[in-house]
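Enquirer: just need the structure, nothing else, for what follows:
(one chain, ligands or ions: 1)
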Amino acid sequence: VRELDTVALIRAKRDGGTHTPAQLAELITQYALGAVPDYQMSAWLMAVCWRGLDAAETLALTEAMVATGVTLAPGEALGRRIVDKHSTGGVGDKTSLVLAPIVAACGVPVVKMSGRGLGHTGGTLDKLEAIPGMSIDLSLDDLMRCAREVGCAIAGQTADLVPADKLLYALRDVTGTVESVPLIAASIMSKKLAGGADAIVLDVKVGSGAFMRTIEEARVLADAMISIGRGAGRDVCALLTQMDRPLGRAIGNALEIREVVDVLRGEGPADLIELVHAAGAELLAMSDLGIDVDEARTRVEHAIASGAALERWHAWVRAQGGDPEAALPQAPVVHPVRAAASGWIERMDAWTLGNAAVHLGAGRLVKNAPVDHAVGIVLERVVGDRVTTGDTVALVHARDAAATAAVEQDVLAAIEIVDSPVAPAPVVLERRA
Ligand code: URA
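Expert: Numbers count the residues shown, from 1 in each chain. Now for the predicted structure:
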């Protein structure tokens, strides 16, 4: 057998050539085994950034990545079709945490692997860990037990699930090769495929607080992920959703958990509720319930209104070792940020606010740092609201006054106030399938 000629693959991609599935499988397998050095993989990744991968190459790359680790089959174990939802990452995005108990309360199992915060975006695992006692390090047995007993379980990705993605992601992060549609699509979808989802609803965020800044870019990413899913025999649809402003009002781990409970109680911010209804309806319509999206939406609404989803939340938190009645971590300093002008709020920039929350300690500035679950920002006013100079527009929850002072300016800079009324854009911009 001839040895893998990595240099030839790098040259071929550099010059705009196409790889065969067998070549991609070999490259990724050898890289995961440590036989292809990081410098060659970096050169290949950069060639992909410039030249791209076609649909067949992107699918082959994804499948090669999946094959480097274990794959789960929760649907087989439960005798059910597994539906999963994935967000490409945003600010204040706690949608998965609201949806899991709703979908479970509607009789559809949720078995989900989630991630931690990335850059200015928050992560589902960090948010769950704000709940006293809650464990996200579940063994496969615990994960399935939890799914069987309460209908939903969310855990961290185990080391043996798509190890190639872990290696590639860390390399991309430091070689300027994160921003490539086929690489992002393969990274995300490899984890969804390995997790065993039969149907996947993708929430592709668009705007300043998202990795895709424009709707055109988001469409390309959504279509690339849909194409991978289809190629691997899964059902996939995508919602392109607004991320110029944060989703909901709370940014920061424990603060977001409070907002999750608000929505499950039938309260909570309108934009988050809109997305929960839309994504929840897609999930149920793709499940084995055999209902259409209108009926699915009615069931989502009923799960909240009847209290069934809130009850399921309590059972779920207990099943993963958490105490749903325990007080959540609370920051010692809560400082109001006041409007610097009168008018209507036109912009609350998601990227700026996400970064401000990270600087308070809600996210990480260095790898593997602990997060402060108590801190963050709560928007008292949102885009479209009318404000008068001096009104409280946001509350900064901080460890101390020094942290507050530094972040107050960022929050003020994120907010644009104009002289005439503003109609906020809807949350769901487009659906693709
Ligand atoms: N999220 C992922 O899991 N991978 C990427 O490449 C980007 C976002």
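
Enquirer: going forward, measure contacts between C-alpha atoms and count neighbours the same way
Expert: Will do.

Enquirer: up against the ligand, what does the stretch 1-150 of the chain have?
Expert: Proximity of the stretch 1-150 of the chain to the ligand (Cα under 6 Å from any ligand atom) is limited to residues Thr88.

Enquirer: indicate the residue of the stretch 1-150 of the chain located nearest to the ligand.
Expert: Thr88 (5.7 Å; Cα to the nearest ligand atom).

Enquirer: tell me the spacing between the nearest residue to that residue once chain neighbours are set aside and Leu429.
Expert: Distances taken as Cα to Cα, 6 or more residues apart in numbering place Val204 nearest to Thr88, at 5.4 Å, with adjacent residues excluded. Distance, Val204 to Leu429, by Cα to Cα, to the nearest Å: 10 Å.

Enquirer: neighbour-wise, which of these two wins?
Expert: Set side by side, Val204 and Leu429 show more neighbours around Val204, with 28 against 13, by other Cα atoms under 10 Å.

Enquirer: for the more buried one, give the beta-bridge partners.
Expert: Judged by DSSP bridges, the bridge partners of Val204 are Leu240.

Enquirer: quick check, it in contact with Ser87.
Expert: Yes. Val204 is in contact with Ser87 according to Cα atoms under 8 Å; the separation is 6.0 Å.

Enquirer: re earlier: let me see the contact set for the residue nearest to Thr88.
Expert: By Cα atoms under 8 Å, 6 or more residues apart in numbering, the contact set of Val204 is 87-89, 218, 221-222, 238-241.

Enquirer: now do Gly122
Expert: Contact partners of Gly122, counting by Cα under 8 Å, 6+ apart, are 89-93, 116, 252-253, 354, 363.

Enquirer: with adjacent residues omitted, what lies nearest to Val150?
Expert: Leaving aside its chain neighbours, Val150 sits nearest to Trp316 (5.9 Å; criterion: Cα to Cα, 6+ apart).

Enquirer: hang on, that neighbour in a strand?
Expert: No. Note on Trp316: no strand contains this position according to DSSP: H, G, I helix; E, B strand; the rest coil, which reports helix.

Enquirer: how much space between it and the ligand?
Expert: 25 Å (Cα to the nearest ligand atom, to the nearest Å).

Enquirer: wait, that residue touches Pro101, no?
Expert: Yes. Counting by Cα under 8 Å, Pro101 is a contact partner of Trp316 at 7.5 Å.

Enquirer: let me have the contacts of Gly122 in TSV, extended by secondary structure.
Expert: Listed next are the contacts of Gly122 as TSV, based on three-state DSSP:
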residue	secondary structure
Gly89	coil
Gly90	coil
Val91	coil
Gly92	coil
Asp93	coil
Arg116	coil
Gly252	coil
Asn253	helix
Gly354	helix
Gly363	coil
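
Enquirer: tell me the one of those residues nearest Ala305?
Expert: Each of these was scored against Ala305 by Cα to Cα, and Asp93 proved nearest at 21.9 Å.

Enquirer: quick check: phi and psi at the residue nearest to the closest one when sequence neighbours are not counted.
Expert: Closest residue in space to Asp93, ignoring its immediate chain neighbours: Leu247 at 5.6 Å, by Cα to Cα, 6+ apart. Phi and psi for Leu247, reported as degrees, to the nearest 10, are phi -90, psi 130.

Enquirer: residues touching Leu247, list them.
Expert: 90-93, 271-272.

Enquirer: need the pLDDT of it.
Expert: Here, the pLDDT recorded for Leu247 equals 98.

Enquirer: on contacts alone, who are the packing partners of the helix or strand that contains Ala254?
Expert: Assigned by DSSP states H and E, Ala254 belongs to helix 253-264. With contacts taken as 3 or more Cα pairs under 8 Å, 6 or more residues apart in numbering; DSSP states H and E, helix 253-264 sits against helix 95-105, helix 124-128, helix 308-319, strand 376-379.

Enquirer: tabulate these (JSON lines), appending mean pLDDT and distance to Asp292.
Expert: Below are the helices and strands packed on helix 253-264 laid out as JSON lines (pLDDT from 0 to 100; distance: least, Cα to Cα, whole Å):
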{"stretch": "helix 95-105", "mean pLDDT": "98", "distance to Asp292": "15"}
{"stretch": "helix 124-128", "mean pLDDT": "96", "distance to Asp292": "28"}
{"stretch": "helix 308-319", "mean pLDDT": "98", "distance to Asp292": "20"}
{"stretch": "strand 376-379", "mean pLDDT": "98", "distance to Asp292": "35"}
